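1. need coordinates for the following:
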Amino acid sequence: MRQRSRHDLVLKLAIYALFLDFAWEMLQGSYFVGMVELPWWVATWMCLRASIGDAVMVVLAYLAVAATTRDPQWTLQNRVPSHLAFFGLAALQALALEWISIELHRWSYVPAMPVDPVLGLGLAPILQWIGMPFLSLWV
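-> Take a look at the predicted model:
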């Protein structure tokens, strides 16, 4: 029974992360070069693919903390170190991928996107990975 509930928890987390990140991806799309000019279904497909990757990163961070704490239901306890580890792992994965993608010119920002002067990353992706992992857990 415990195994089933852990799988249910991971599935729910993945679904919540997918939907929340999809909404964010669609909202921030205009900050990326070329997204506004794409047909709606192409831009939507690109945002969905990005959201699937985002959900995978959230689940990987959850599983890493669950393995470290040996408690698949660590999200139910109010343990600050576990939540900080989750946030740190999720953000590190996402921001590393964002940085690599910018460096490899997989995508770029429009001039209206505020950019962090140190990392060269857009404010919208940074804000996404500050809030979305915790919001996914909270939901």
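
2. need the longest helix for the protein.
-> In the chain, taking DSSP state H as the definition, the longest helix is helix 40-69.

3. pull out the buried residues from it.
-> 43, 46-47, 50-51, 53-55, 57-59, 61-63, 65-66 (16 or more other Cβ atoms under 10 Å). The C-beta positions use only the backbone N, C-alpha and C, and glycine is treated the same way.

4. nearest to S82 among those?
-> Nearest to S82 among these is V65, at 5.4 Å by Cβ to Cβ.

5. got the contact list for the closest one?
-> Residues in contact with V65, defined by Cβ atoms under 8 Å, 6 or more residues apart in numbering, are W74, S82, A85, F86, L89.

6. need the max-distance pair from the residues you listed.
-> The largest distance within the contacts of V65, taken as Cβ to Cβ, falls between W74 and L89 and amounts to 12.8 Å.

7. quickly note the distance from the most centrally placed residue in the chain to Y16.
-> The centre of the chain sits closest to D54, judged by Cα atoms, centre = their mean, with a distance of 3.8 Å. With distances taken as Cβ to Cβ, to the nearest Å, D54 is found 11 Å from Y16.

8. now P81
-> From P81 to Y16 the distance is 23 Å (Cβ to Cβ).

9. please, where are all the helices along this structure?
-> Going by DSSP H, the chain shows helices at 2-28, 40-69, 80-103, 123-138.

10. got a pLDDT number for the closest residue to V10 other than its chain neighbours?
-> Once flanking residues are discounted, V10 sits nearest to V59: 6.0 Å by Cβ to Cβ, 6 or more residues apart in numbering. What the model reports as pLDDT for V59 is 94.

11. quick one: contacts for V59?
-> Applying Cβ under 8 Å, 6+ apart to V59 gives the contacts V10, L13, A14, A17.
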